[in-house]
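J.: What shape does this take:
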Amino acid sequence: MRQIYSVLGKRLLLVCFVFILFIIVATGNGTKKIITYNSNKVKSVEAMHIVNKYNNLSNNLVSKVVSNMKEVSIFGASTPIKFYGQMTGYGPDCVGCSGILACPPRQDVRGGNIYFDDSTYGRVRILAADSAIPCGSIIKISGVTFSQQPILGIVLDRGSAIKGNIIDFLVESTAYAGANIGRQTNVSFDVIRWGW
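T.: Sure, this is the predicted structure:
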């Protein structure tokens with residue numbers, strides 16, 4: 001009889017130990033570590049932002065602040081980046097503009113077609129940016145005079161005057177751009193998707 005109690009006692013201790021170990025592992029130390037990669041085993045900037053958004057970790061995801069387009073090119077694909085620069089506006093009727101965007105799908109923006117329906121981010125504004133920022137990149141814009149809320153835009157155009165830390169915001173016409181956008185400085189640009 002003693003042997004049976006001894007065996008049962010040892011098994012009960014083993015079960016308790018396994019149960020306590022499971023609880024310790026399941027609860028962790030209260031920190032969340034987010035590392036996401038795309039199919040090419042490269043850190044995915046978009047996935048980091050999406051995981052952050054849905055896990056309410058907005059204070060934990062820190063963007064690397066960069067100061068020039070060389071740094072944008074170096075860090076943009078693998079790290080969330082933010083830069084400050086100027087915002088200008090343009091219309092499809094600007095001098096030298098054809099009304100057809102430079103990036104695929106080469107949307108015709110004449111006649112007020114100034115939005116793009118993105119499969120992930122929904123309806124976003126169209127932007128022209130330096131070629132260091134790839135087509136299809138999604139940028140969150142903050143600190144402009146014409147909107148209290150951040151604006152999401154997609155890079156679908158280029159421009160001969162759009163070099164460096166300047167983003168050009170597509171509006172209905174050149175006249176509207178001059179009257180309502182102008183040239184704004186110290187605008188915050190947060191790249192939340194790097195290219196398509």
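
J.: Phi, psi for residue 119 please.
T.: Backbone torsions for residue 119, taken as degrees, to the nearest 10, come to phi -70, psi -30.

J.: And the pLDDT for residue 41?
T.: You'll see residue 41 listed with a pLDDT of 48.

J.: Correction: the previous question concerned residue 163.
T.: 93.

J.: Am I right that it falls within a strand?
T.: No. Assigned with DSSP: H, G, I helix; E, B strand; the rest coil, residue 163 falls outside any strand and is coil.

J.: which SSE is residue 177 in?
T.: Taking DSSP states H and E as the criterion, residue 177 maps to helix 174-180.

J.: Does anything pack onto that helix? Which helices or strands?
T.: The helices and strands touching helix 174-180, judged by 3 or more CB pairs under 8 Å, 6 or more residues apart in numbering; DSSP states H and E, are strand 81-90. For every residue, glycine as well, the C-beta is placed using N, CA and C.

J.: okay, the very next helix or strand once past the strand it packs on in PDB with CA atoms only?
T.: Next along the chain after strand 81-90, taking DSSP H and E as the criterion, comes strand 115-118. Output of strand 115-118 as PDB, limited to C-alpha atoms (Å, rounded to 0.1, in the frame of the first residue of the first chain):
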ATOM      1  CA  TYR A 115      -8.100  59.300 -54.800                       C
ATOM      2  CA  PHE A 116      -6.800  55.700 -55.100                       C
ATOM      3  CA  ASP A 117      -8.600  52.700 -53.700                       C
ATOM      4  CA  ASP A 118      -5.900  50.600 -52.000                       C
END
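
J.: Report the buried residues of the following helix or strand past the helix holding residue 177.
T.: Downstream of helix 174-180, the next assigned helix or strand under DSSP H and E is strand 183-193. Buried residues in strand 183-193, counted by 16 or more other CB atoms under 10 Å: 184, 187, 188, 189, 190, 191, 192, 193.

J.: Give me the angle between strand 183-193 and strand 81-90.
T.: Angle between the axes of strand 183-193 and strand 81-90 is 130 degrees (criterion: axes from the mean of the first three to the mean of the last three CA atoms, to 10 degrees).

J.: mind listing what strand 183-193 pairs with, with the direction of each?
T.: Strand 183-193 has the following strand partners under DSSP bridges: strand 81-90 (antiparallel), strand 138-142 (antiparallel).

J.: got a list of contacts for the first one?
T.: The set of residues that contact strand 81-90 without belonging to it, under CB atoms under 8 Å, 6 or more residues apart in numbering, is 45, 63-67, 71-72, 75, 97, 128, 141, 144, 159, 162, 164-171, 174, 176-178, 180-191.

J.: what's the answer for the shortest one, then?
T.: Contacting residues not belonging to strand 138-142 are listed as 46, 87, 118, 120-121, 124, 127, 129, 133, 150-155, 167, 169, 187-193 [CB under 8 Å, 6+ apart].
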